[in-house]
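Student: Okay, predicted coordinates and the sequence, questions at the end:
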Amino acid sequence: MSDELARLERRVAVLEEMLRRLLAAGAAPEHVAPPPEPRRSPVSELRVQEPSPYTRPSPRRSPPSGSPSTQDLEQWFGQRGLLFVGVLALLTAAGFFLKYAIDRGWIPPALRAALAITAGVGVATWGERRLRAGLRGYGAAMIGAGGGLAYLGLWAAAGPYGLIERRIGVLLLAACTVVVILLALRHEIEGLALWALAGAYLAPILLAPAVPNPEAFLGYLEVIGLGAGLLAYSMAWRRAYDLALAGYFLLAAAGASRALASALGCWFLAAGALLTLQVTRRRAWPEARIGALVLTWILAAVALATPLGGSETRRWLALAALFAVAGLLWWQGLAEDPLRSPTEALLFVANPFVLVALTGIGDPPGLARVPSVLPALLAVAYGAPGWARRTAPHFVLGVALAAYTVAVQWPPATVVLGWTALCLLALVAEREAGRPGGRLAALGLAVLAFGGLFSVALWSRPSDSPTFADAWALALYGYVIGTAAAAARWGSGWADPRLARWTARGGELAWVLCGAAVFVGGSVELQRYFGPRSPLASDLALSVFWLLYAGALVRLGFQRDRKDVRSAGLAVAAAAGLKIVVYDLSTLEALYRIASFFALALIALALAYTYNRRAASSRS
C-alpha cells in the first residue's frame, strides 16, 4: 500500500511541474529531476515512465483588425472614404476662403498668404505626429493636406497677389515639394510622393512667367523628373516613377516644343530614355520602359522634322542623342535574352529600324547621298554578335537589316535577286556553319522576295522592256532557281532543334514558292509577249500553259506520291477548264477556239488515263 501511495505522489509531482511550464510565459523548459524514490519492497517492481519534456506550441496570431480580410464596407468608408472627403473639403474650403477674401478685400494679401502657409505647416506637423502615433494612413493624408495648403498660399503670394516674383515662387513651390518628398521617404509612403510630384509639375504651369523661357522650363523638368525618378527607383515606387516619366515627357512637349527642336532638346529626351532603360533593367516595369522609348521616338521625330538652326554640327549632336539610346538598348540585348518578354522582343526588333527612320528624318549631311551606309553598319552590329555567339535573334535581325540595306540601295528587280542570294547564304550559314536562325531568315527572305517580285518590281517594270530578257525576267529566273536550290538542300546539314517547329516544313514552302513563281511569272510573260501581237493568241497560250502546268503537277504528284501536289494540279486544271468554257468560248474564234478545246481534251484525257491506270495497279 505504501508503494502505491509513493507512485501516486511522484505522478502528482510530475503533473504539477507540467502545469508550471504551461503557465510560464515563454520560459525555457528545464529538466526537473523527479523526487527521490523511496526504498521499494522487492514485491513491487512496477516502474513509472517519465513523460517527455513538454514543448509549448506557438500561439496563432489573429489577423489585425485593419487587414483586408476583416474589413467590410463600413470600415473602409469610415477609415479611407471619410478621410479623402475631409482632406478634399479642407483644401476646397481654403481655396474658397482665399477667393472670397480676394473678392471682399477683408484681409491684406500678405496676411492671407501667410495664414494659408501657417495653416499648412500646422496641419502637416499634426499629421507627422499622428504618423508617429501609429495612424499611418490618417497622418499621411494630413501631411498631404498641409502641403496642399502651403502650396496654395505660396501660389497666391507669387501669382494673383504678386507679393514675390514668379520665379522665386516656383522655387518656393519646389522647396515645398522637396519637404513633402523627404517626409514620404522618411515614412516610406508612396502616396505622399505622388502628391508632392504632382505639385512640382503644376508649379511652373500655375506660375507661368510673362515671357516664356523654354530652356529654363526644360531644366526645371529635368531636375524634378530625373530626381523623382531616381528616388522612386530606390524606393521601388512604380506609380511614382510612371508619374515622373509622364510629366517629364508630356509637359516638355506641351510647354517647350520649341526648345525640343534642338540638340539640347534631343539630349533632354535621351536623358529620360537612358535613365528608364537602366531602371527598368532592374525593375520589371514594362509600361515605363516601352512608354519612355515610344515618347522619345515620337518627340524626337517631331523635333528632327523641324529645321534645326545652326551648323551641321548641331544636327549631328541631336542625332548623337538618339544613337546613345539605341546603343544602350543594343548593349542590353547582348547582355540578356532579347526575347525574354513580348515587350523586349518588340523593342529589340524596332530599335535599329526606328534609328534608321529617325536618321532619315534628320537628314544629316553625308548619309543622304548613301542611304545604305547606316543599315549596313547596323547589320554588322547585330549580325556579328549573332554569328560569334550563335544567338538566333541577333543573327536573324542582322540578316533582316542586310535585306533592308539591299532594298534602299538598288532597283526593285535587283533587290529580288539580292534577297534570293541572302536567302541561300542564310540557309548555308545554318546548314554548314551551325549558326541558328539561318533557316528562319531564309524562309522570311523567300516569302519577302516573292512579294516584291510580283508587286513593286512588276509595277516598276518599263512597258517597252524586252519580254523574257529584261531585268524583271532575270529576277524571275534567279528567284525560281534560288528557291528550287534551297528546297532541294533544305533537309540536309545541321538544324537548330529549338526552331524546328518553325522550319521543319520549310523545304515544302520553298517548293510552293518556286512553283507559284513559275505559274504566275509564266502567265505574266505569255500575256506580255502575245498580247500586243494577237489577243486571241494570248488567251490561247495562257490556257494551254495552265493545262500543261496542271498536267506537270499531277505527274509530279504521282512520282513523289504526294496527294497535295496532285490536288494542286487538279485545281489548276479546273481553273483552266473554267476559263476555256466561260471566257475563251465567248472571245476566241475559228481555229483558236478549236485549239483551246482540243488542248483541254488532251490534258483531261491524259489525267484521266493516269488516274485510271493507278487505280488498276492498286487493285492488282
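Tutor: Here it is on my side, so go on. Numbering: from 1, shown residues only.
Student: make it CA atoms for all contacts and neighbour counts henceforth
Tutor: Fine.
Student: and Ser465, helix, strand or coil?
Tutor: Put simply, Ser465 is coil when judged by DSSP: H, G, I helix; E, B strand; the rest coil.
Student: Okay, buried residues for the strand or helix carrying Ala575 please.
Tutor: Element membership of Ala575 [criterion: DSSP states H and E] is helix 563-579. Buried residues in helix 563-579, defined by neighbour count with 16 or more other Cα atoms under 10 Å: 565-566, 569-570, 572-574, 576-577, 579.
Student: again with stretch 295-308
Tutor: Within stretch 295-308, the residues that qualify as buried by neighbour count (16+ other Cα under 10 Å) are 295-297, 299-304, 308.
Student: Next up, the contacts around the residue positioned nearest the centre of the chain.
Tutor: The C-alpha lying nearest the average C-alpha coordinate of the chain belongs to Thr343 (Cα atoms, centre = their mean; 2.1 Å). Counting by Cα atoms under 8 Å, 6 or more residues apart in numbering, Thr343 touches 286, 290.
Student: Now do it, the pLDDT please.
Tutor: What the model reports as pLDDT for Thr343 is 91.
Student: Likewise for the one 3 residues further on?
Tutor: Note for Leu346: predicted pLDDT of 95.
Student: In contact with it, which residues?
Tutor: By Cα under 8 Å, 6+ apart, the contact list for Leu346 is empty.
Student: in the strand or helix carrying it, what counts as buried?
Tutor: Secondary structure from DSSP H and E places Leu346 in helix 342-362. Using 16+ other Cα under 10 Å as the test for burial, helix 342-362 gives 344, 347-349, 351-352, 354-356, 358-362.
Student: Can you give me the buried ones in the helix or strand immediately after that helix in the chain?
Tutor: Using DSSP H and E, the helix or strand that directly follows helix 342-362 along the chain is helix 373-389. The neighbour-count check on helix 373-389 (16+ other Cα under 10 Å) flags 373-376, 378-383, 385-387 as buried.
Student: now swap in stretch 9-22 and tell me
Tutor: For stretch 9-22, burial by neighbour count (16+ other Cα under 10 Å) applies to 10-11, 14, 18, 21-22.
Student: Lowest-confidence one in the residues you listed?
Tutor: pLDDT across these is lowest for Leu22, at 68.
Student: Tell me the spacing between the residue nearest to the centre of the chain and Ala400.
Tutor: To Ala400, Thr343 is 20 Å away according to Cα to Cα, to the nearest Å.
Student: what's the answer for Arg340, then?
Tutor: Going from Arg340 to Ala400 by Cα to Cα gives 20 Å.
Student: what does Trp410 give?
Tutor: Separation of Trp410 from Ala400 (Cα to Cα): 16 Å.
Student: Of these two, which one has the most company?
Tutor: Ala400 (23 against 13; other Cα atoms under 10 Å).
Student: who touches stretch 168-188?
Tutor: Outside stretch 168-188, the residues within contact range by Cα under 8 Å, 6+ apart are 143-144, 147, 150-151, 154-155, 157-159, 190-193, 196-197, 199-200, 203-204, 207, 235.
Student: same check, this time on stretch 417-429
Tutor: With contact meaning Cα under 8 Å, 6+ apart, stretch 417-429 is reached by 399, 403, 406, 435, 438-439, 441-443, 445-446, 448-449, 475, 478-479, 482-483, 486, 490.
Student: ok, 6 Å please
Tutor: Stretch 417-429 is contacted from outside by 435, 438-439, 442, 445, 449, 475, using Cα atoms under 6 Å, 6 or more residues apart in numbering.
Student: need the helices for the stretch 401-550 of the chain, in chain order.
Tutor: Remark: helices assigned in the stretch 401-550 of the chain by DSSP state H, counting those that start in this stretch are 412-431, 438-453, 456-459, 471-488, 500-503, 506-530, 535-560.
Student: Now find how far off-centre the helix holding Leu346 is within its chain.
Tutor: Here the centre of mass of C-alpha atoms in helix 342-362, compared against the chain's by Cα atoms, centre = their mean, to the nearest Å, lies 12 Å away.
Student: cool, stretch 548-557 as well?
Tutor: For stretch 548-557, the distance to the chain centre is 47 Å (Cα atoms, centre = their mean).
Student: for that stretch, what is the average pLDDT?
Tutor: 91.
Student: got the CA coordinates for it in PDB?
Tutor: Taking C-alpha atoms only, stretch 548-557 is exported to PDB below (Å, rounded to 0.1, in the frame of the first residue of the first chain):
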ATOM      1  CA  LEU A 548       0.400  21.900-119.200                       C
ATOM      2  CA  TYR A 549       1.300  23.200-115.800                       C
ATOM      3  CA  ALA A 550      -1.600  21.200-114.300                       C
ATOM      4  CA  GLY A 551      -0.500  18.100-116.000                       C
ATOM      5  CA  ALA A 552       3.100  18.500-114.800                       C
ATOM      6  CA  LEU A 553       1.900  18.900-111.200                       C
ATOM      7  CA  VAL A 554      -0.300  15.800-111.400                       C
ATOM      8  CA  ARG A 555       2.600  13.800-112.900                       C
ATOM      9  CA  LEU A 556       5.000  15.000-110.200                       C
ATOM     10  CA  GLY A 557       2.500  14.200-107.500                       C
END
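Student: Show me what that stretch is in contact with.
Tutor: Outside stretch 548-557, the residues that reach it (Cα under 6 Å, 6+ apart) are 565-566, 569, 572-573.
Student: for those residues, which one is nearest Phe598?
Tutor: Nearest to Phe598 out of the contacts of stretch 548-557 is Ala573 (Cα to Cα; 14.0 Å).
Student: ok, how many other residues are close to the closest residue to that closest one other than its chain neighbours?
Tutor: Take Ala573 and drop its neighbours on the chain: the residue closest to it by Cα to Cα, 6 or more residues apart in numbering is Ala550, 5.2 Å away. Using other Cα under 10 Å, Ala550 is surrounded by 28 other residues.
Student: Quickly note the distance from Ala550 to Val572.
Tutor: Going from Ala550 to Val572 by Cα to Cα gives 5 Å.
Student: Arg560 too?
Tutor: As judged by Cα to Cα, Arg560 and Val572 stand 18 Å apart.
Student: Also Pro212?
Tutor: Pro212 is 72 Å from Val572, by Cα to Cα.
Student: for Arg104, same thing?
Tutor: 91 Å.
Student: For the stretch 201-350 of the chain, which segments count as helices?
Tutor: Remark: helices assigned in the stretch 201-350 of the chain by DSSP H, counting those that start in this stretch are 214-235, 238-255, 257-260, 263-282, 286-305, 312-335, 342-362.
Student: Just want the angle from the longest helix that the chain contains to helix 535-560.
Tutor: Longest helix in the chain, counting residues (DSSP state H): helix 590-619. Here helix 590-619 points in a direction 10 degrees away from that of helix 535-560 (axes from the mean of the first three to the mean of the last three Cα atoms, to 10 degrees).
Student: list the buried ones in helix 590-619?
Tutor: Neighbour-count burial for helix 590-619 flags 592-593, 595-597, 599-600, 603-604, 607 (criterion: 16+ other Cα under 10 Å).
Student: Sort out which one of these lies nearest Pro497 for me.
Tutor: Proximity of the buried residues of helix 590-619 to Pro497 (Cα to Cα) peaks at Leu607, which lies at 40.9 Å.
Student: Now the closest one. Nearest residue, chain neighbours left out?
Tutor: Closest residue to Leu607 apart from its sequence neighbours, by Cα to Cα, 6+ apart: Gly551 at 6.8 Å.
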